[in-house]
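Novice: Fold the following.
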Amino acid sequence: MKNRRQYQRIASHLGVKYTIMTKGIVEAPASSENISQSGIMVTLQDFFATGTRLLLEISLPDHSNPVMASGDVVWQKRIDGEPCSYATGIEYVKVAEDDASRLSRYVVEALEEAPGDNRDKDNGFLGFLKSLLNRFGKIKPPSKSHP
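Specialist: Here you go, the predicted structure:
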């Protein structure tokens, strides 16, 4: 599977409630495994076809109101040894501006505070580049010289 991620993910176990938008059925609560500004991976008890639209309520620590987002299931994989348990990738489709800001702030702050092993392994190279920039400072572009 090709990694199409635009943002770095952080391992984070958050409470999530979801509703199947086409049916209006509120499902059992779920738990996130990782999260970014563009999507979330949750463990669900039901299988959903790719493209299924879900309404998500994501509970961030230290916030009384959950982040509300709609998103599409982009992949799903059965978890071995767990009956009726599916790792599910959801890409956000619509997030209100203030909720998107809270979500982004949560992810960025968590990335800054997290030890390297708490970051999603697919983003190790990005962390490496960031550490190089922190260590050596920003690289200045070459100055233009005129003949």
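
Novice: Which neighbouring elements make contact with the longest helix along the chain?
Specialist: Counting residues, the longest helix found in the chain (DSSP state H) is helix 97-113. Counting contacts by 3 or more Cβ pairs under 8 Å, 6 or more residues apart in numbering; DSSP states H and E, helix 97-113 packs against strand 10-11, strand 30-35, strand 67-78. Backbone N, C-alpha and C define where each C-beta goes, glycine included.

Novice: okay, now residue 63: neighbour count?
Specialist: 12 (other Cβ atoms under 10 Å).

Novice: heads up, I number from 23, so please use that
Specialist: With 23 as the first residue, the last one maps to residue 85.

Novice: residue contacts, it?
Specialist: Shown in contact with residue 85 (Cβ atoms under 8 Å, 6 or more residues apart in numbering): residue 124.

Novice: how close does it get to residue 119?
Specialist: 16 Å (Cβ to Cβ, to the nearest Å).

Novice: distance of the spatially closest residue to residue 39 that is not a sequence neighbour from residue 40?
Specialist: Here the nearest residue to residue 39 in space, its sequence neighbours aside, is residue 79; by Cβ to Cβ, 6 or more residues apart in numbering that works out to 4.3 Å. Residue 79 is 7 Å from residue 40, where distance means Cβ to Cβ.

Novice: same thing with residue 94?
Specialist: From residue 94 over to residue 40 the distance is 12 Å, taken as Cβ to Cβ.

Novice: do the same with residue 86
Specialist: 20 Å.

Novice: Which of these two has more residues huddled nearby?
Specialist: In this view residue 86 and residue 40 are compared by other Cβ under 10 Å, and residue 40 has more residues nearby, 23 against 6.
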